[in-house]
Structure formats: structure tokens, C-alpha cells
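J.: coordinates for the following, if possible.
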Amino acid sequence: MRVLLIQPPIEDFYDTSVRTYPLGLAYVASRLSGLAEVEVLDARTTDRPVPLAEHGFPELEPFYREGVSTPFSFFGSFRRYGLTASEIREAISSRKPDIVGIASMCTAYEGQALEVAEVAKEVNREITTVMGGLHPTLFPAHVLRNRAVDYCVRGEGETPFLRLVSSLSQGRKILRRERIPGVCFRRGKEIHVSEVNVEADIDALPIRELLDTDRYRIGRKRYAFLLSSRGCPHSCSFCGKPPIPYRRRTLASVEEEIGQCASLGVTAIDFEDDMLNPGKGAFAEVLGLFKGRGFTLSAMNGVYPGNLDVPTFRLMEDAGFRRLNFSLVDTSESVLYGQKRRSQPSFVALLPFLEDSPFLVEVHFIIGLPGQEPAALLDTMLFLMARRLLLGPSLFYLSPGSPLHRTAEEEGKDVPFRFMRSSVMLPFNPLFPRSVTFTFVKLVRFINYVKQVLDRDPGVRRMSDLPEAPALGSDPRKRQIVKTLIDEERFTCYDPVPGSFRDEPVDGALVRLFFERARGSAITGYKTKNRLIVD
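T.: Sure thing, here's the model as predicted:
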């Protein structure tokens with residue numbers, strides 16, 4: 001029995017190249033050892049994304065333009081990140097699998113996941129196709145309406161997929177008498193939907209040897225994803241977390257996995273836990289396993305600021321953390337309460353320590369949350385821009401399966417699956433039409449750009465000095481764009497097609513309000529405490 005596990009490509013305005021490690025498939029593959037011949041095809045990780053002529057989002061055309069020049073750039077062209085359909089077809093044909101397992105994690109990219117199933121059936125109708133991941137967990141009946149998908153798995157997939165492969169290897173394709181928890185299937189016009197599977201044992205290690213470790217790098221370092229826990233104990237309204245309980249792995253299994261990564265030459269590890277630090281004690285125990293091992297650690301999902309203190313930061317530094325990503329969401333207590341996010345007042349008290357620490361800090365906040373008001377969000381940005389950190393804007397999108405999504409469905413609001421992505425700038429909050437969201441992103445890009453200039457040029461003391469700063473380089477167009485923004489409070493870009501500058505589609509009143517409220521405030525560098533005053 002040959003099993004081919006595939007991570008599909010995605011199509012979007014962007015992809016995060018250091019977050020494509022197919023850890024879930026490595027977990028599934030590990031359970032099939034001895035039962036089947038298994039191979040993993042990563043059809044997403046690539047150095048050559050392909051621009052696509054059509055993207056189907058005409059409402060975004062005013063905002064995303066390819067080829068324009070600005071130091072405050074945002075998204076440009078719509079691209080396919082990963083293999084083409086013909087390349088996937090060739091890969092499946094050459095491997096001749098009996099079963100193709102497809103990871104479908106993001107609902108917005110279901111089209112590319114279904115495309116893989118359809119290509120597999122084109123290669124050979126006898127290939128059994130199985131789809132797993134968060135999308136089929138939430139919408140199993142919808143997935144199975146596509147005749148190219150034979151089965152889908154709900155929840156954690158190791159045991160359901162193992163039992164399904166075992167059954168299929170014995171010729172029991174119909175599954176009339178056998179019901180496998182977590183496995184959904186279609187028989188005629190009837191769709192059988194199973195319960196969500198929760199693994200009893202989460203200490204089994206993924207089989208990373210099936211992955212080409214050289215393909216996954218942060219800078220020059222080989223990296224890998226690692227989970228020290230599964231699930232999340234919180235229930236934030238905006239989060240579409242998997243419907244599984246929170247559980248911690250044993251320290252012994254995490255320690256064994258650290259050794260596994262080291263043996264493969266991995267020197268950078270990104271924790272992908274939904275909640276890495278629910279409590280100080282448990283987090284400290286995990287950190288202790290890394291001390292002195294020489295790993296560079298990160299947590300790109302973000303660490304929860306409410307459970308951190310100075311001793312914990314010391315442990316994080318000893319373990320190998322050099323950059324910290326905080327999942328702040330918002331500084332407004334009323335917004336956090338409305339989204340059922342636990343309060344995190346300790347974060348503000350910790351900022352003086354962080355500013356004097358060796359950590360590089362990025363603080364992520366959401367733009368466009370229900371309950372947010374643009375003026376209050378400006379307060380969050382003005383507060384953060386004066387600190388030694390980068391601002392990390394997260395554009396709100398309706399996360400499938402979240403309480404907000406369920407409420408929207410109950411109220412009859414129809415949001416297409418393809419709109420459930422951050423790049424769409426969904427105006428779910430009526431106070432945040434796309435022009436306002438786009439403006440906030442541009443303002444954040446401007447603030448972060450100023451911070452990087454300050455790190456290179458401590459001689460810049462006032463905003464009015466910025467257009468002449470040596471750190472801007474020799475490009476006159478860049479200097480003109482910066483000067484226009486500071487002098488006239490207008491975002492412009494250079495369009496090479498007409499060969500002239502043009503205004504960007506921002507909310508002019510919001511830009512003016514930012515400069516009005518920022519006047520007299522400071523912007524502080526990211527790596528240094530160099531600062532300038534907005535005059």
C-alpha cells in the first residue's frame with residue numbers, strides 16, 4: 001500500500017515563507033510506519049511563486065497594484081505559491097500511490113486543496129483521496145460534496161487515518177459495518193459525518209526524515225515546527241481554534257523530539273502551539289529543556305503577554321529566544337472583554353524591562369475587530385510607536401468556526417469561504433471599510449520604516465529631518481514620497497506606467513488625524529533607543 005501525503009499550494013497576495021513546514025503530515029506519516037510505504041510531497045514550499053492574471057477580488061484592485069514604488073509597500077500581485085497543477089499531476093503519476101492524503105488547513109485555500117484531489121482522480125480514478133485538517137474538520141459535508149474527495153478526517157488525524165489505511169489495505173472500502181471515529185465518507189447521496197477525533201496519545205514523535213530539511217530555513221538556519229501542547233484553554237471570539245481540548249505533552253517526549261531535530265541539523269525551532277504559555281510553571285519546564293542546546297527559538301503564533309514576568313524572560317533568553325512576538329490583540333480593556341480575551345495589564349508594566357533587554361520585540365494587534373473604533377486604535381499605535389519595538393498589524397478576517405463566525409451565520413450574514421483571509425481586508429466592522437484598514441496598514445508601515453531609519457541614523461531628531469536622512473539612500477523618488485507624507489500628510493507612490501507620482505487610496509481624514517494626535521509624540525527605534533519627535 002502506497003500513501004502519498006500532500007501539502008497543497010496556496011493562492012493569495014502573499015505567503016509567509018518561513019511558516020510552511022508540514023508538521024501535521026509528518027505526524028500522520030509517523031503512525032503509518034510498518035503499515036504502508038509513505039511519502040510526503042510539499043507542493044507549497046517554493047522559491048518561485050507564479051503571478052496569476054486573475055484573482056477574483058475586484059474590490060481589492062484599488063489597493064493592491066503591482067510595480068508601484070513606495071518605501072511603505074503592501075501587497076502587490078496575486079500569486080500561486082507552490083507547484084502548478086501539471087507539476088502535481090506529474091508527481092502523483094510518478095509515485096503511483098494507492099492513497100493520497102491532502103492537508104487542508106485554511107478554508108480560504110480550499111480550492112487548491114480540492115484541486116489536488118481532482119488531479120489525483122485524473123491520474124487514476126482508483127486512487128483513494130482523503131482530506132484532513134481544520135477545513136474538513138469544520139465543514140466535512142461541504143468537502144465531501146466534491147466527488148473527487150472519498151473521505152475526510154475530522155480533528156486530529158493520526159489514529160483515524162491509520163485505521164482508514166488499515167481498512168483500505170484489507171479491501172474494506174465500503175465501511176458499511178465499520179465506523180471509524182473521525183472518518184467521514186459519502187455513500188450514494190448520503191454523507192456520514194463522524195465526531196471530531198481527539199488523540200489519546202500526543203507524545204508520539206513526527207517522522208521528520210520524510211521532509212527535506214534543507215527546504216525549511218530561517219535565514220541560513222534549518223528550522224522546524226514543534227508543538228509542546230495541543231489545543232487552547234481560551235475561547236476568544238475571533239479565533240477559529242480547532243475544536244479539541246488543551247493538553248500538554250510530557251517533558252520526556254518534548255526532550256526526545258529536541259534530540260530528533262538536532263540529529264537532522266535543525267538549529268532553529270518555531271513553537272506552533274495555539275497557547276504556548278498558559279502558565280509560568282509549565283512554560284518554564286519546557287524552556288528548561290532547551291537551555292544550553294544552541295537552538296534559536298521563536299513563537300510566530302505569538303506568546304500570551306498576560307502570563308509573563310521578568311524571571312520568565314530570563315528563562316526565555318537562556319533557552320534561545322532572541323525575538324519575541326506578542327499577541328496583544330488590542331490595548332483597550334473593553335475591546336478585549338467584548339472578544340472574551342483575558343486581560344493582560346502586566347504587559348505594559350513589562351515594557352521598560354523589554355526596552356532595556358537584548359530581545360527584539362514585535363507586538364501584534366488586530367485591525368478591524370468588532371467593537372474597535374479607529375480613534376482608539378490610533379491610541380494603541382501611538383502608544384506602541386514610542387517603544388523600542390516593531391508594530392505588527394494583523395488584519396481581521398472572519399475565522400471559520402470562531403464564535404464570531406457562528407454568530408454571523410445565525411444572523412444570516414453570508415461570508416464566502418474565499419473571503420476568510422486577512423488580505424481581503426473584510427469590512428466586518430462597519431467603522432473599518434477597506435480604505436480605513438488600508439490606511440492603518442500604511443501608517444504602521446510608515447512608523448516601522450521610521451524606526452528602521454532611526455536605528456541606522458541616530459542624527460535624525462525630528463520628523464521634519466527625515467526626508468534628508470542619509471539612511472533613506474540616494475533614490476530621489478523615495479525621498480519625495482517621504483517628504484510629501486510629512487509636509488502634506490498624503491500617502492503617494494511612484495507608478496512607472498505613466499512615469500509619475502499618484503495618491504494612494506487611503507482615508508485622508510484618518511491620515512491627518514494621525515499626524516494631529518502624534519504631534520509632540522516620539523517614535524523610538526526598533527533595535528536602538530534612538531528617537532525622534534513628531535513636529
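J.: where's E54 relative to R80, distance?
T.: Using C-beta to C-beta, to the nearest Å, one obtains 11 Å as the distance from E54 to R80. C-betas here are computed from N, CA, C, even on glycine.
J.: between those two, which has more neighbouring residues?
T.: Remark: of E54 and R80, R80 carries more neighbours, 20 against 7, as counted by other C-beta atoms under 10 Å.
J.: which residues does K340 contact?
T.: Contacts were defined as C-beta atoms under 8 Å, 6 or more residues apart in numbering; by that measure K340 touches 234-237, 403.
J.: what residue, apart from its backbone neighbours, is nearest it spatially?
T.: Spatial nearest neighbour of K340, excluding adjacent residues (C-beta to C-beta, 6 or more residues apart in numbering): S237 at 5.1 Å.
J.: now swap in A141 and tell me
T.: In space, A141 is closest to I191, 5.0 Å off (C-beta to C-beta, 6+ apart).
J.: contacting residues around the helix or strand that contains the one you found?
T.: Using DSSP states H and E, I191 sits within strand 190-192. Applying C-beta under 8 Å, 6+ apart, the contact partners of strand 190-192 are 140-141, 144-145, 179, 184-186.
J.: what is the neighbour count of the residue nearest to A141?
T.: Neighbours of I191 using other C-beta under 10 Å come to 16.
J.: for it, give its distance to H142.
T.: Distance of I191 to H142, given as C-beta to C-beta: 10 Å.
J.: and if you look at V165?
T.: Look at V165 and H142: by C-beta to C-beta, they are 24 Å apart.
J.: which one of these two has more residues nearby?
T.: Under the criterion of other C-beta under 10 Å, the comparison of V165 against H142 puts V165 first, with 23 against 15.
J.: phi first, then psi, for G459.
T.: Recorded main-chain torsions at G459 are phi -80, psi -10, according to degrees, to the nearest 10.
J.: cool, and L162?
T.: Residue torsions, per degrees, to the nearest 10, at L162 are phi -60, psi -50.
J.: my guess is it meets L32, correct?
T.: Yes. Contact criterion C-beta atoms under 8 Å: L162 and L32 qualify, at 6.2 Å.
J.: who has more neighbours out of these two?
T.: In terms of neighbours (other C-beta under 10 Å), L32 is the more surrounded of L162 and L32; the figures are 21 against 18.
J.: I'd like the mean pLDDT over the longest helix seen in the chain, please.
T.: Across the chain, the helix with the greatest residue count (assigned by DSSP state H) is helix 434-456. Taken as a whole, helix 434-456 has a mean pLDDT of 97.
J.: helices of the stretch 301-450 of the chain, residue ranges please.
T.: Along the stretch 301-450 of the chain, counting by DSSP state H, counting those that start in this stretch, helices occupy 310-319, 333-338, 346-356, 374-385, 403-410, 434-456.
J.: for the ones you listed, which one sits closest to L41?
T.: Minimum separation from L41 across these (C-beta to C-beta) falls at helix 403-410, 30.9 Å.
J.: can you name every helix or strand that that closest one contacts?
T.: Other helices and strands packing on helix 403-410, by 3 or more C-beta pairs under 8 Å, 6 or more residues apart in numbering; DSSP states H and E, are absent; none qualifies.
J.: pull out the buried positions in stretch 441-461.
T.: Residues of stretch 441-461 classed as buried under the neighbour-count rule (16 or more other C-beta atoms under 10 Å) are 441-451, 453-455, 457, 460.
J.: quick check: the two most widely separated of these?
T.: Distance extremes for the buried residues of stretch 441-461: the farthest pair is V441 and D457 at 24.5 Å, using C-beta to C-beta.
J.: would you give the sheet partners of the helix or strand where V38 lies, along with the direction of each?
T.: Mapping V38 onto the secondary structure by DSSP H and E places it in strand 37-42. On the basis of DSSP bridges, the sheet neighbours of strand 37-42 come out as strand 2-7 (parallel).
J.: list of residues touching the partner strand?
T.: 20, 22, 25, 28-29, 32, 36-45, 88, 92, 95-103, 116, 165.
J.: as a check, name the ranges of all strands in the stretch 251-400 of the chain.
T.: The residue ranges that make up the strands of the stretch 251-400 of the chain, judged by DSSP state E, counting those that start in this stretch, are 268-271, 296-298, 323-329, 360-367, 390-395.
J.: lowest average pLDDT across these?
T.: strand 323-329 (a mean of 89).
J.: for the helices of the stretch 301-450 of the chain, which one sits closest to S263?
T.: For these, distance to S263 was read as C-beta to C-beta. The smallest value, 19.3 Å, belongs to helix 310-319.
J.: can I get stretch 450-460 in PDB, CA atoms only?
T.: As requested, C-alpha coordinates have been extracted for stretch 450-460 and formatted as PDB (Å, rounded to 0.1, in the frame of the first residue of the first chain):
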ATOM      1  CA  VAL A 450      10.900  55.400  10.600                       C
ATOM      2  CA  LYS A 451      12.100  53.100  13.400                       C
ATOM      3  CA  GLN A 452      14.500  51.300  11.000                       C
ATOM      4  CA  VAL A 453      15.800  54.700   9.800                       C
ATOM      5  CA  LEU A 454      16.400  55.700  13.400                       C
ATOM      6  CA  ASP A 455      18.400  52.500  14.000                       C
ATOM      7  CA  ARG A 456      20.800  53.400  11.200                       C
ATOM      8  CA  ASP A 457      20.800  57.200  11.600                       C
ATOM      9  CA  PRO A 458      20.800  58.500  15.200                       C
ATOM     10  CA  GLY A 459      21.200  62.100  13.900                       C
ATOM     11  CA  VAL A 460      17.600  62.300  12.900                       C
END
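J.: quick one: it to chain centroid distance?
T.: Taking the mean C-alpha point of stretch 450-460 and that of its whole chain, the gap between them comes to 29 Å (C-alpha atoms, centre = their mean, to the nearest Å).
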